[in-house]
Every structure is written in C-alpha cells, then in structure tokens.
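Asks: Sequence and predicted structure are below.
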Amino acid sequence: MRRARTMWTVGAAVLAVGMLLPLAPMGIASPSEAGDDSRNAGRSTSSDKSFAVYIGKNRTESGNTLLGGFGHEPSSHWLDIVPKQRHAEDATIEVGATGEADIPGELTEIPQVPETARYITSNYSEFAGFPAPLTNGGLNEHGVAARDVWSDSRPELVEQTPTPQRGPNYSDLSRIAMERATSAREAVEIVGGLIDEYGYTTYGGNSHMFADANEGWVLVEFAGGEGLWAAERLGPDDVRVSYPGYIGEFPTDFRDNDDYLASDNIVDYAEQRGWWNPDSGRPFNLREVYGTPFPGESFELGEVADEQDESPYRHPPSLEAEFRELGDVRLEDMMRIVRDPRWSDDRAGYGQVAELDDSLADPYLNKLWVAVTSAVTTPYVPFYIGSRSVPVEFRQHRYLTHNSASEYLDPEFAEQEATEYATQTFKRLLYSTCSRPEKYLTDVTEAIEGLESIAIDRTRAVERTAAEDFAAGRKNSGQNELNNLTVVWSGHMLSLGNYLLEDQLRRTAADGGPNQPRIEPAEGVAANSQSLDMSLRSDASARDRVNCDLGGGWADGSTLDRQGSYGDPENVPEDFADGLPEETDAAWLPYVLTGAGGLLVGAAGFWLFTRTRARR
C-alpha cells in the first residue's frame, strides 16, 4: 500500500446545470391536479425524512436482493444488536406518542408476543413526542431488512387526525416488524394487522420498505385516523426508491391480487370523500388520491439539479431510472448510492446496506453494513446477527442525545460515556470535509472506499470459515469468528476516521485556521459570533444544510458516473496502512482462540490499535 498523495488535492468539478422538467401529473380530484396551483403549494421544501432503495435480486451481480438507506434525524445515533428473547404470557409494550408530539398522542399498551427475534438496528433519541429509543428498522435473524421513510399525507387527512392519537407509531411498527417478521410479506401483514387492531399514531404520514432474499414490499400509512394503509410488492426485477415513500396506481380489486395488500377501506374512503370517482375512467393512484406531490422536480439522466431547487433529487421515478442504468448492481454500488453527496449530508443520521441471501449456512451470517453516521464521510462496518455485542465506541453516548443538556449522567453509564463516540468522531470529519469539499472530499472518499474494499474481501474469507464451523456444529466457534471480525473492523474504520480528521485539522490550521462564523449579534447584544446559537432553523432547505455535493455528487460525478471503478487498497494512506496487518492469517490471529479468551484478545487488540493510531 502507498500514501495516495504527499500533498492531497482535489480537482474542482465544473458541471453544467441544466433545466429541470417537472413530472406531468395524472390528474385526479386531488392536490396534485394538473395545472392546479395547489400542486406547488403542497410541496414542502424542508420535507425529507429518510431515504431507501430496493434492488431486486435479478438486477444484482451477486443474485442477492439489496436494500439500503438512512434516516433523517438530527439526534444522536448508535448501534444495537438486540438478542432473541422470550417474554411472559402477559407481557406488554408501550406504543404511541405523548402530548408533546406535533399531533398530540397518548401512550398505550399492547400485547407482546411470546418470542422476539434477534436483530441489528440504529437507534436514535429525538423526535418530538415519540419516546426513545427510536428506530427505522434494520436486519433480523430471519433475513428480513427494513427501512422507514416519510410519506406526507394530503393536508385534509393531517388536519382531521383526531387527538389524542392512539396506537403504535412509525418506530413502534419498525421495531415490531424486526422482532416478529420471518419474511417481507409477513412484515406487511404484521404492521397492517396492528394498525387494523390498535390504530396508528402519525406525524403526518409515513412509509416502510421491507425486503427479504426474494422480494420487497412498500407499505404506506396515511394520516387521518381512518386506519388507511396500503402495500405493494416489489419483485426480483424491480428498482424502487422511497424519497419519499409512495405507491402509484393501485388495483381496486386488490384482494384478488397477491402483489397488493391494504386496509379494507382504502378504496371506499376515497370515493366517500370525493377524491376519486370510479366512473371517471382514471386509475386509482394512491399518491395522487391520498398523498402529496413529490417535493423535488423530475430530472434526466446525468442532469445536475438546479441550484434554486430547494429539494434537489427528491423525485423517486427519476432516481429509479438512474439506478436502473447501473445494470448488474454490486454491493459497492449500493454503498455508494447511500453515501452519494447529493443526499448524504448533515441530516443523514447513519447509512445501512443489507445484502439478503437465503443460502447462508446459518442465520448468524446475515449481516448489515453500517455507517454510524452520514456515509458520505463514514466507512461501513460489517455487523452480523452473530456478532455478540457492539463495540463500546459505537454504543449510546450523550452527544446529541435527547435531554443530555438538562440532566446529569447516570453513574451506571460513566465508563461507557468516557470512551470515544464514533458518531461524534465521524460528525467532526463530516463538518471538516464538507466545509472544504473541493479540497478534502476526493481523498476522504478514496481512503474510505479503499479500506472498505479490504474489509469486503476479508469478510468473505472469514464468512467461509464461520460457515464451515456452523456446518460442523461448532456454533460458538463460528460466532467468535464473526464477532471478532466486527470488533477488528470497527477499530480499523474508527482509526481511519481519526487519521483523516487529524490530517485535515492540521492542513486547515496551516491555511489560516477554521472559518469564523459570519453571523452578527443582534443590536445591543455584547457577544462574539462564535458564542451565538449554532442551530440551523428546522425549516431550512436541503441546500442550507452542511453538505459535500460538488454539483451532481463527487468531483467525478454521481454513483452512476463512478460505476466500474471501486475502492482501491492503494488509496489507503501509507502511514495509516502501516498499522494494518498485511496477511490475512496475521489479521485474524485472535480468531484461532475461542471463548472468553478469544474475545479478550480481540478486544485488547482493538484497544492497542486505537491507542497506537491516536499517538501517531
């Protein structure tokens, strides 16, 4: 390996900005009527709450389904591997929202099932009135992956939602699906059944995307208190983007079609409200009947969003057309989709990619590639269902965690809080890189993707060994292999983040130091600008947030533009790479040990590696 450059530089991209063409609506009696000014009035420039992409198995190089995405939340994020558990016969779970929610709710109890599955998830702490920890999904032991994405309901439905609301909220439904579903279809049936029985607590409309090795499903829940929901199957040849989540044309005889599921009233209620007329000859389009216009304008392949578009690229059909051009999609392509600078910015709370394979030797081999915060400057770490626990640096800390500024720390968490917080480290790298993306982004991307390429190769080798252990009945040994792999690569990726951050801070200092905030105190306020409120207003557009977009993505373009050229180990900085083991056998020395001793050696190796890198 070598150092990519002695003096790192990034060539600024000069990209032409084209005119964007709006999508012509299919007129129905709805806010999206063609020519109706209310169509534009219904757009929300600040409306983006998560991102998800499904690629069917017939469109991937490996023949495995891919599901990727992230959540949009400003709060802290941390990893959790929730164990498989048995529960008492009378056990219940608390669901819903409090009176502090934008649409006030009331917390209630619903029954828990006797047994819940093991799953991996990214938790977070902040959404007004929705109790933490919150989740958007993840991956469970049955190979079911889930994403959760906003999907605004039409204003009339939001306004008529009764208060206090009762029933599970979006996070409750995401978590319960991970706990109980053995297939993507079953996840839909579970979520729909819960809404039918207990109601639904909403913030204005929502959607889920579920996937397994053979298919995916999009489910949309509508506001309004009427229990409206609908779901559409995604097949092995499909590409679907939720940004926001949506369902278009929907059969009115859906009960006779295995590709669709819905609440019993999904058609009748639209007729009752006069939002759709079966005699009009127009198709029953759920987005147009119950939803709102896409927040972004349509765009052509290779077209760079207009700088004046406050919701750039928030147009799923245009993104689907772009991703279909990828052909046979690789795991690395999906990783890039999730980290593409066009949407992976300060609001992207994490990045997740699941490659779903039903031929695995053991459920413990199911894995989720996770970037602990915005993937644009954060490497992916492989977390397995079989990983025993999450390294402490990737667990919950108080940085950006709800109520941390108003309460003291519980002493039980003191030593956990004393450790480095990976989310904060990579947030710092994000802020540094995106403040000067022309200078830093290319080298950060090359270094991260270079190290990821090594990780991908070595995970495959370790998985083969673990599979042999599982096949031979050596369950404990196989699990140790997977757990140590997660521990080691969590350490490598975090150390690379520290290396890149320290390098940038030195170079920024040499360039005159950090930029000073260009904010003037109000008249009569005696304060320095750096001590004023640091918050970005919540209604700010995507263009206003910290982002690394160089105009259509990276300096060399979008995910599609960059296809075919993937991470190169030679781009890992040489003086950092010197700390990595050169040979696979040396890298996985801890794995020859088993049980508590092996875990101790693995943990010690991780600690020594981190401390060595910090002292350099």
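Replies: Ah, there it is.

Asks: What pLDDT does the model give the most centrally placed residue in the chain?
Replies: Central residue of the chain (CA atoms, centre = their mean): F70, 1.4 Å from the mean position. Listed pLDDT for F70 reads 96.

Asks: dump the residue contacts of it.
Replies: The contact partners of F70, taken as CB atoms under 8 Å, 6 or more residues apart in numbering, are S50, F51, V338, S344, A348, G349, Y350, G351, Q352, S374, A375. The way it works is simple: take the backbone N, C-alpha and C, and place the C-beta from them, glycine included.

Asks: Just give me the closest of these to D102.
Replies: S50 (16.9 Å; CB to CB).

Asks: measure the residue nearest to the centre of the chain to V338 for me?
Replies: Note on F70: its distance to V338, by CB to CB, to the nearest Å, is 6 Å.

Asks: Quick check: buried residues in stretch 501-508?
Replies: L501, D503, Q504, T508 (16 or more other CB atoms under 10 Å).

Asks: Output stretch 155-170 as CSV, nothing but the C-alphas.
Replies: Provided in CSV are the C-alpha atoms of stretch 155-170 (Å, rounded to 0.1, in the frame of the first residue of the first chain):
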residue,chain,number,x,y,z
PRO,A,155,-53.4,18.1,4.1
GLU,A,156,-57.1,17.2,4.8
LEU,A,157,-56.0,13.9,6.3
VAL,A,158,-53.4,15.5,8.5
GLU,A,159,-55.9,18.2,9.7
GLN,A,160,-58.6,15.7,10.5
THR,A,161,-56.4,13.3,12.6
PRO,A,162,-58.2,13.0,16.0
THR,A,163,-56.3,13.9,19.2
PRO,A,164,-55.1,12.4,21.3
GLN,A,165,-53.9,9.8,18.9
ARG,A,166,-53.6,6.2,20.0
GLY,A,167,-51.8,3.2,18.6
PRO,A,168,-48.3,2.3,17.5
ASN,A,169,-46.1,5.0,15.8
TYR,A,170,-43.7,4.5,12.9
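
Asks: what is the rounded mean pLDDT of it?
Replies: 98.

Asks: Go ahead and measure how far that stretch is from the middle of the chain.
Replies: 25 Å (CA atoms, centre = their mean, to the nearest Å).

Asks: cool, and stretch 490-509?
Replies: With CA atoms, centre = their mean, you get 23 Å for stretch 490-509.

Asks: Stretch 152-170 too?
Replies: From the chain centre to the centre of stretch 152-170 is a distance of 24 Å (CA atoms, centre = their mean).

Asks: gap between the nearest residue to D568 once chain neighbours are set aside and S76?
Replies: Spatial nearest neighbour of D568, chain neighbours left out: G450 (5.3 Å); criterion: CB to CB, 6 or more residues apart in numbering. Using CB to CB, we find G450 at a distance of 28 Å from S76.

Asks: Over to P341?
Replies: Distance from P341 to S76, by CB to CB: 23 Å.

Asks: Now name the helix or strand holding F127.
Replies: F127 belongs to no helix or strand when assigned by DSSP states H and E.

Asks: so who does it touch?
Replies: E73, S75, L134, S171, Y203.

Asks: what pairs with the residue nearest to the centre of the chain across the strands?
Replies: F51 (DSSP bridges).

Asks: Got phi/psi on the closest residue to P312 other than its chain neighbours?
Replies: Spatially, and ignoring its direct neighbours in sequence, P312 is nearest to A305 (3.5 Å; CB to CB, 6+ apart). Phi and psi for A305, reported as degrees, to the nearest 10, are phi -60, psi 140.

Asks: you'd agree A305 is up against R314?
Replies: No. Counting by CB atoms under 8 Å, A305 does not reach R314; the two are 9.4 Å apart.

Asks: Return every residue with contacts to both of those two.
Replies: Contacts common to A305 and R314, judged by CB under 8 Å, 6+ apart, are G296.

Asks: picking that back up, mind checking which of the contacts of F70 are in helices?
Replies: V338 (DSSP state H).

Asks: ok, the contacts of F70 vs K427, which is closest?
Replies: S374 (7.8 Å).

Asks: Any figure for the gap between the residue nearest to P312 and D549?
Replies: From A305 to D549 the distance is 9 Å (CB to CB).

Asks: which residues are in contact with both of those two?
Replies: With CB under 8 Å, 6+ apart as the test, A305 and D549 both reach R342.

Asks: Centre of the chain to stretch 214-224, how far?
Replies: 17 Å.

Asks: how long is that stretch end to end?
Replies: 33 Å (CA to CA, to the nearest Å).

Asks: Please flag which of the contacts of F70 sit within strands.
Replies: F51, G351, Q352 (DSSP state E).

Asks: how about the last one, what does it touch?
Replies: What it means is Q352. G68, G69, F70, S122, G138, L139, R147, V338, L368, W369, V370, A371.

Asks: What separation do you get for the residue sitting furthest away from the middle of the chain and D340?
Replies: Distance to the chain centre peaks in the chain at G524, reaching 43.6 Å (criterion: CA atoms, centre = their mean). To D340, G524 is 45 Å away according to CB to CB.

Asks: ok, now D357?
Replies: The value you get for D357 to D340, if CB to CB is used, is 25 Å.

Asks: of the two, who's got more company?
Replies: Between D357 and D340, counted using other CB atoms under 10 Å, the more crowded position is D340 (24 against 16).

Asks: Contact partners for that one?
Replies: D340 neighbours (CB under 8 Å, 6+ apart): V376, G553, S558, T559.

Asks: can you check G245 too?
Replies: G245 sits in contact with A52, V149, W150, S151, N206, S207, H208, M209, V218, V220, where contact means CB under 8 Å, 6+ apart.

Asks: Could you verify that the last one is part of a strand?
Replies: When you say that, I think you mean V220. Yes. Counting by DSSP: H, G, I helix; E, B strand; the rest coil, one finds V220 located in a strand.

Asks: So for it, what's the pLDDT?
Replies: 99.

Asks: Ok, A614 next?
Replies: pLDDT, A614: 43.

Asks: can you check T401 too?
Replies: With respect to pLDDT, T401 has a value of 80.

Asks: Quick check: it touching P74?
Replies: No. With contact defined as CB under 8 Å, T401 does not count as touching P74 (11.2 Å).

Asks: Give me the more crowded residue out of those two.
Replies: Shown here are T401 and P74; by other CB under 10 Å, T401 has more neighbours (20 against 15).

Asks: okay, now the nearest residue to that one once chain neighbours are set aside: neighbour count?
Replies: Excluding the flanking residues, the one nearest T401 by CB to CB, 6+ apart is S76, at 4.2 Å. Other residues within reach of S76, judged by other CB under 10 Å, total 25.

Asks: Against A418, how distant is S76?
Replies: 16 Å.

Asks: what's the neighbour count on A467?
Replies: When neighbours are counted by other CB under 10 Å, A467 comes out with 17.

Asks: dump the residue contacts of it.
Replies: So A467 contacts L360, A361, D362, L365, G478 (CB under 8 Å, 6+ apart).

Asks: Most neighbours of all those, which one?
Replies: G478 (26 neighbours).

Asks: hang on, that residue packs against F470?
Replies: Yes. In this structure, G478 is within contact of F470 by CB under 8 Å, at 4.5 Å.

Asks: Overlap in contacts, the two.
Replies: Common neighbours of G478 and F470 (CB under 8 Å, 6+ apart) are D362, Y364.

Asks: in this structure, what spans have low per-residue confidence?
Replies: 1-48, 538, 581-616 (pLDDT under 70).

Asks: same thing but 50
Replies: Applying pLDDT under 50 to the chain flags residues 1-46, 583-616.

Asks: quick check, nearest of the contacts of G245 to L319?
Replies: Among the contacts of G245, and counting by CB to CB, the member closest to L319 is A52, at 10.9 Å.

Asks: if I look at that closest one, how far off is G69?
Replies: 4 Å.

Asks: So for the two, which residues contact both of them?
Replies: Joint contacts of A52 and G69 (CB under 8 Å, 6+ apart) are R147, V149, M209, S242.

Asks: Many thanks, have a good one.
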